[in-house]
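Q: here's my sequence, what's the structure:
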Amino acid sequence: MPTQAFGQERASISGYVTESTTGETILGANVYLKDTSSGSVTNNSGYYIISGIRQGSYTVVWSFIGYEEVQRAITFEPGQSLRVDVELTPSNLSLQELVVEADALGDDRQSIGSAQVTTKLVKQVPAVLQADVFRSIQLLPGIKAASDFSSGLYIRGGSPDQTLILLDRTTVYNPTHFFGFFSTFNPDAIKDIRLYKGAYPAEYGGRLGSVVDIYNKDGNRNNMAGTLSIGLLSSRASIEGPYSKGSYMLAFRRSTLEPVLAVLRNQVDNVPDAFYFYDINGKINFDADANNRVSVAFYSGVDDVKFPIGEDLRFNLNYGNRTLSTTWTRILSPTVFANLTLTGSNYFSTPLFEFGGTDFERSNTVNDLSVKSDFEWMPNSVHSVRSGIWAGHLTLNLKDRFDGLETLNSRIETSYAVPAGPLLQA
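A: Got it, this is the predicted structure:
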């Protein structure tokens, strides 16, 4: 049992929770003081804070599903601030005897409107030809697909365009390949997926539908590693590893239909001249010191289709996404955590129809530049204060060309700001 002293300044403990094999931060890990009501959960950066701890000796527990639990006996002195970074080791789940006990109703704060999906789960669930992030999410309650040929998310009745999709805090528009058959997210590059079907946190602003918050891997901080996968529709390769000041990750994926199309062109008419997609994910992390981290993440994905429909009719389509984000994470004090993120997102779509030598081309682009700042303060083990702001500038361009002449040129610009806080939680 912990020994306590009253009327003295309280202590605190904070730090990062990482995976022992790769050094990746773990989001949503549990940290608590055994036999007390004091505890915390790691945030989106894998950082935890427990404050307001009375003087005494406690057993601190770090745990996460699929990892071995870590326990340490720690003695806290009045006003002491401890920084304890912990590595969790993956383990096989072993089932013990099932014990059912009746207990008084407690304060159950589990939300049925949110879910956390790991890359391991994405690769294990049934898939159409290859693992896909959105098709894995479609198996969760409250979510359905339009058809077997669509990766679009219909969450609690909301259409795909009503769902906010974020990749490393950057908005991604129309994140699909092959006209919606696959999502643009490479499972080899993804670390964690947060889904909010409703009642999402204030940090995401007033959104029409749901929120899917996706984070890229930071890269293996212990050893250089890589993967190579060859599939029927696409092949993937990735590499990650450490360097003197941090870690890096690079993943590439490309469709592999060209050999099949080459054979079909010799036997069938009107086979596409081009029908492929590719995407690249990258991230580099720089640890300035124990309290400051900077990460730069980027994504680029393109679909290209060139389809001769008839002798005088042709359809071409080129569309895709590009994103770039830079995040500065700073531990201001043992009980205060903050980060600042600059993001840029570009979506483009250029369909072209050609009939009898006359062509019609439409160019559609969306450019989104934003800045986000988040602040979290844990004054004690019961309360937390969160605040922040999300501001940006959105530009939409639409151009039409008919037979080489510009017939439409429309441009819409708007700015937005979403304050998120202060939010007091208890």
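Q: quick one: least confident helix or strand in the chain?
A: Scoring the helices and strands of the chain by mean pLDDT, DSSP states H and E places strand 423-425 at the bottom, with a mean of 52.
Q: quick one: contacts for the closest residue to residue 196 other than its chain neighbours?
A: Among residues not flanking residue 196 along the chain, residue 211 sits closest, at 4.2 Å (CB to CB, 6 or more residues apart in numbering). (Glycine included, C-beta is placed from N, CA and C.) Taking CB atoms under 8 Å, 6 or more residues apart in numbering, we find residue 211 in contact with 163, 164, 166, 194, 195, 196, 200, 204.
Q: which of those residues has the weakest pLDDT?
A: Ranked by pLDDT, these bottom out at residue 200 (79).
Q: give me the element the one residue sitting closest to the centre of the chain is part of.
A: By CA atoms, centre = their mean, the chain has its centre lying nearest to residue 214, at 1.2 Å. Using DSSP states H and E, residue 214 maps to strand 211-216.
Q: give me the mean pLDDT for that strand.
A: Mean pLDDT, strand 211-216: 92.
Q: and the next helix or strand past that strand?
A: The helix or strand immediately downstream of strand 211-216 is strand 225-230, counting by DSSP H and E.
Q: surely residue 339 meets residue 328?
A: Yes - the pair residue 339 / residue 328 is scored as a contact, 6.4 Å apart, by CB atoms under 8 Å.
Q: so between the two, which is more surrounded?
A: Taking neighbours as other CB atoms under 10 Å, residue 339 and residue 328 compare with residue 339 leading, 22 against 16.
Q: please name the nearest non-neighbouring residue to residue 158.
A: Distance criterion CB to CB, 6+ apart; nearest residue to residue 158, sequence neighbours excluded, is residue 209 at 3.5 Å.
Q: domain ranges for this structure?
A: In the assignment given by automatic domain parsing, the structural domains of the chain cover 11-88, 114-425.
Q: rewinding a little: the residue nearest to residue 158 and residue 142: what is the separation?
A: To residue 142, residue 209 is 12 Å away according to CB to CB, to the nearest Å.
Q: joint contacts of those two?
A: Taking CB under 8 Å, 6+ apart as the criterion, residue 209 and residue 142 both touch 155, 156.
Q: which one of these two has more residues nearby?
A: Remark: of residue 209 and residue 142, residue 209 carries more neighbours, 20 against 15, as counted by other CB under 10 Å.
Q: now do the SS call for the more buried one.
A: With DSSP: H, G, I helix; E, B strand; the rest coil as the basis, residue 209 sits in coil.
Q: what's it sitting at in phi/psi?
A: Dihedral pair for residue 209: phi -120, psi -120, per degrees, to the nearest 10.
Q: that one touches residue 165, doesn't it?
A: No - here residue 209 does not reach residue 165: they are 10.7 Å apart, not a contact under CB under 8 Å.
Q: mutual contacts of these two, please.
A: When CB under 8 Å, 6+ apart defines a contact, no residue borders residue 209 and residue 165 alike.
Q: would you map the helices across the stretch 101-250 of the chain?
A: Shown for the stretch 101-250 of the chain, the helices assigned by DSSP state H, counting those that start in this stretch span residues 119-124, 133-137.
Q: which helices and strands does the shortest one pack with?
A: In terms of contacts (3 or more CB pairs under 8 Å, 6 or more residues apart in numbering; DSSP states H and E), helix 133-137 is packed against strand 114-118, helix 119-124, strand 182-183, strand 190-196.
Q: how about these, which one is nearest residue 284?
A: Of all those, strand 190-196 sits nearest to residue 284, with 14.6 Å by CB to CB.
Q: show me where pLDDT drops low in the stretch 51-200 of the chain?
A: Low-confidence segments of the stretch 51-200 of the chain, defined by pLDDT under 70: 92-112, 126-129, 146-150.
Q: the strands in it, which residues?
A: 56-63, 70-76, 81-83, 86-88, 114-118, 143-144, 154-155, 164-167, 170-171, 176-177, 182-183, 190-196 (DSSP state E, counting those that start in this stretch).
Q: who does the first one pair up with?
A: With DSSP bridges as the criterion, the sheet partners recorded for strand 56-63 are strand 30-33 (antiparallel), strand 70-76 (antiparallel).
Q: and those strands: which comes nearest residue 410?
A: Smallest distance to residue 410 across those (CB to CB): 51.0 Å, for strand 30-33.
Q: partners of the very next helix or strand once past the closest one in the sheet?
A: Per DSSP H and E, the first helix or strand lying C-terminal to strand 30-33 is strand 39-41. Next to strand 39-41 in the sheet, as set by DSSP bridges, lie strand 30-33 (antiparallel).
Q: which residues touch the residue nearest to the centre of the chain?
A: Applying CB under 8 Å, 6+ apart, the residues contacting residue 214 are 133, 165, 166, 167, 168, 185, 190, 192, 193, 194.
Q: okay, now the fifth one: neighbour count?
A: It stands for residue 168. Neighbour count for residue 168, taken as other CB under 10 Å: 25.
Q: excluding chain neighbours, what is closest to it?
A: Nearest residue to residue 168 in three dimensions, chain neighbours excluded: residue 297, at 4.3 Å (CB to CB, 6+ apart).
Q: on the three-state scheme, that neighbour is what?
A: Three-state assignment for residue 297 (three-state DSSP): strand.
Q: quick one: pLDDT of it?
A: Residue 297 is assigned 96 on the pLDDT scale.
Q: state the distance from it to residue 239.
A: As for residue 297, its distance to residue 239 is 16 Å (criterion: CB to CB).
Q: got it, and residue 225?
A: Using CB to CB, residue 225 is found at 7 Å from residue 239.
Q: kindly report the same for residue 298.
A: 15 Å.
Q: I'd guessed residue 220 sits against residue 18; true?
A: No - contact between residue 220 and residue 18 fails when scored by CB under 8 Å: they sit 10.9 Å apart.
Q: among the helices of the stretch 101-250 of the chain, which is the most enclosed?
A: helix 133-137 (a mean of 23; mean count of other CB atoms under 10 Å).
Q: okay, now residue 267: neighbour count?
A: Residue 267: 7 neighbours (other CB under 10 Å).
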